[in-house]
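Participant: Mind folding the following:
(one chain, ligands or ions: 2)
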Amino acid sequence: MSDQPRAAIAAASRLVVKVGSSALTTAGDGLDVGRLDALVDAIAERVARDTQIVLVSSGAIGAGLAPLSLGKRPRDLATQQAAASVGQLALAHAYAESFGRYSLTVGQVLLTSDDVVRRAHYRNAERTFSRLLALGAVPVVNENDTVATEEIRFGDNDRLASLVAHLIRADALVLLSDVDALYDGDPRAGGTRRIAEVADESDLDGLSVGMSSSGLGTGGMMSKVAAARTAASSGVPVLIAAAADAREALGAAQVGTVFRPAGSRLSARRFWLGYAAGSNGRLHLDDGAVAAVVRRRRSLLAAGVTGVDGDFQAGDVVDLVNPAQQVVARGVVAFDVTELPELIGRSTHDLPPEQRREVVHADDLVPLRHR
Ligand SMILES: Nc1ncnc2c1ncn2[C@@H]1O[C@H](COP(=O)(O)OP(=O)(O)O)[C@@H](O)[C@H]1O
Ligand SMILES: N[C@@H](CCC(=O)OP(=O)(O)O)C(=O)O
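Facilitator: Ligands and ions are numbered 1, 2, ... in the order given. Sure, this is the predicted structure:
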């Protein structure tokens, strides 16, 4: 086992740290200020060593339960939003007080999925973060739960954190939770083994990673592993650790599970295209087109398209799907959905001159891995 990704996390000059509800709130009592202060102590220590940190914090819903006399996490969206509305205020206040002990200023950034799905909003968010960091503030991020509808919500701050890590070009992502690492099965069941490092995708084979969460968070370990894979496969090392071990995690990083980054880092635009953008439709590819696009990194031509669905216009983002119905790539399509049916399957030189172009140009295309 190599210490390379842990050394990179220990030396990072820009970090995204995400903390889950389970590490900040308790079912009956709401926000646990003692645990929040301990997390802030660890972050402030790292900031004092000149690391810029963006904190993605869950816990708004959990923090809003006790003030509204709600016993456990509500299932319906309206009550979750009411709890988040009350809880986010408490959370932001607690962070402002806690960072204030170190004379650090916090800035609240509440994002909806539109802020990353739409390219113009994405760039706007990027500017806000870089300005806050340049001014020496600690951005504290959460989903804007009170306005996010069922359809558009992330519902999952692990994914939001991996998107933010790319948005701000962080050197590493640290996911803090109530569990100290990824195990080969749900540690609550006992008899499980800690995974110290995920060097490549094959290290995840055979693991039982639960959706079931602590009861306070959402997505369980499954959403953390998905977020870690997204970040690592596009060049960002990730550490999953317990919030209780935050000092060690943000220090030498010799705790938890580390995900080794694979390949080179995607540009902000290609990352956005592959992982953040919303998709407006699907192009179905034959095997030859899949090989050309995924292995040889060529443009997608009409000859290799077998079908289309969705409602898209030229310039929209679409999924590229193989014959087994797996999404193998995403790209910006060069035709409206209404134009494609009469073009597909035809070779480029048979097309009318005004339509003699790639369906998706190689520069606008990002191959994705699938499991
Ligand atoms: N293979 C696994 N390894 C580690 N934890 C797991 C695994 N499968 C399920 N879990 C559970 O995932 C929970 C963490 O997820 P969650 O409650 O959503 O955390 P958070 O609120 O921090 O996002 C842990 O309490 C743990 O019991
Ligand atoms: N935005 C929600 C948290 C959503 C979420 O992903 O929660 P968690 O699994 O605890 O990171 C809140 O603040 O309660």
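
Participant: for residue 177, what are its contacts?
Facilitator: The contact partners of residue 177, by Cβ atoms under 8 Å, 6 or more residues apart in numbering, come to 19, 20, 22, 23, 214, 217, 224, 240, 241, 242, 243. The C-beta positions use only the backbone N, C-alpha and C, and glycine is treated the same way.

Participant: Closest one to residue 336 out of these, please.
Facilitator: residue 224 (38.8 Å; Cβ to Cβ).

Participant: Close to ligand 1: what parts of the stretch 51-200 of the chain are there?
Facilitator: For the stretch 51-200 of the chain, the contact set with ligand 1 under Cβ under 6 Å from any ligand atom comprises 58, 177, 178, 179, 182, 183, 185, 186, 187, 188.

Participant: List just the nearest of those to ligand 2.
Facilitator: residue 58 (3.4 Å; Cβ to the nearest ligand atom).

Participant: quick one: low-confidence parts of the stretch 201-350 of the chain?
Facilitator: Judged by pLDDT under 70, the stretch 201-350 of the chain has its weakly predicted residues at 210-219.

Participant: where do the strands sit along it?
Facilitator: Ranges of strands in the stretch 201-350 of the chain, per DSSP state E, counting those that start in this stretch, are 238-242, 257-259, 281-285, 305-310, 317-321, 327-332.

Participant: Against ligand 2, which of the residues of the stretch 51-200 of the chain next to ligand 1 make the cut? List them.
Facilitator: Answer for those near ligand 2 (Cβ under 6 Å from any ligand atom): residue 58.

Participant: and the two most separated of the residues of the stretch 51-200 of the chain next to ligand 1?
Facilitator: The largest separation in these, counting by Cβ to Cβ, is between 58 and 185 at 23.8 Å.

Participant: Compare neighbour counts for these two and give me the winner.
Facilitator: residue 58 (29 against 16; other Cβ atoms under 10 Å).

Participant: Tell me the buried residues within the residues of the stretch 51-200 of the chain next to ligand 1.
Facilitator: The neighbour count (16 or more other Cβ atoms under 10 Å) marks 58, 177, 178, 179, 182, 183, 185, 186, 187 as buried among those.

Participant: out of the residues of the stretch 51-200 of the chain next to ligand 1, which are inside strands?
Facilitator: The strands, defined by DSSP state E, take in residue 177 from those.

Participant: From the contact counts, what lies against the helix or strand where residue 42 lies?
Facilitator: Assessed by DSSP states H and E, residue 42 sits inside helix 33-47. Other helices and strands packing on helix 33-47, by 3 or more Cβ pairs under 8 Å, 6 or more residues apart in numbering; DSSP states H and E, are strand 14-19, strand 52-57, helix 77-100, helix 246-250.

Participant: Switch those over to TSV; also include mean neighbour count.
Facilitator: Compiled in TSV, the helices and strands packed on helix 33-47 are given as follows (neighbours: other Cβ atoms under 10 Å):
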stretch	mean neighbour count
strand 14-19	25
strand 52-57	25
helix 77-100	19
helix 246-250	22
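
Participant: and residue 135, which of those is closest to it?
Facilitator: Closest among the helices and strands packed on helix 33-47, using Cβ to Cβ: strand 52-57, at 10.9 Å.

Participant: And the buried ones among the residues of the stretch 51-200 of the chain next to ligand 1, which is closest to residue 264?
Facilitator: Looking across those and measuring by Cβ to Cβ, the closest to residue 264 is residue 182, at 24.6 Å.

Participant: With adjacent residues omitted, what lies nearest to the closest one?
Facilitator: Nearest residue to residue 182 in three dimensions, chain neighbours excluded: residue 257, at 4.1 Å (Cβ to Cβ, 6 or more residues apart in numbering).

Participant: Enumerate every residue touching that neighbour.
Facilitator: By Cβ under 8 Å, 6+ apart, the residues touching residue 257 are 181, 182, 194, 195, 196, 197, 198, 239, 240, 241.

Participant: Give me the phi and psi for the third one.
Facilitator: Think residue 194. phi -80, psi 140 (degrees, to the nearest 10).

Participant: Pretty sure residue 181 is one of the things it touches, is it not?
Facilitator: Yes: counting by Cβ atoms under 8 Å, residue 181 is a contact partner of residue 194 at 4.7 Å.

Participant: all helices of this protein, in order?
Facilitator: 4-11, 33-47, 60-65, 77-100, 114-117, 119-134, 157-167, 220-233, 246-250, 268-271, 287-290 (DSSP state H).

Participant: contacts for the longest one?
Facilitator: Contacts made with helix 77-100 from outside it, assessed by Cβ under 8 Å, 6+ apart, are listed as 24, 30-31, 33, 36-37, 40, 43-44, 55, 57, 59-65, 67-68, 70, 73-74, 105-106, 108, 110, 138, 140, 142, 145-146, 148-150.

Participant: coming back round to it: buried deepest among the strands of the stretch 201-350 of the chain, which one?
Facilitator: Mean neighbour count (mean count of other Cβ atoms under 10 Å) peaks for strand 257-259 among these, with a mean of 29.

Participant: got a pLDDT number for residue 151?
Facilitator: Predicted confidence (pLDDT) at residue 151: the value is 65.

Participant: For ligand 1, what is the nearest residue in the stretch 251-371 of the chain?
Facilitator: residue 257 (8.5 Å).

Participant: which residues does that residue bridge with?
Facilitator: Applying DSSP bridges to residue 257 gives these bridge partners: residue 240.
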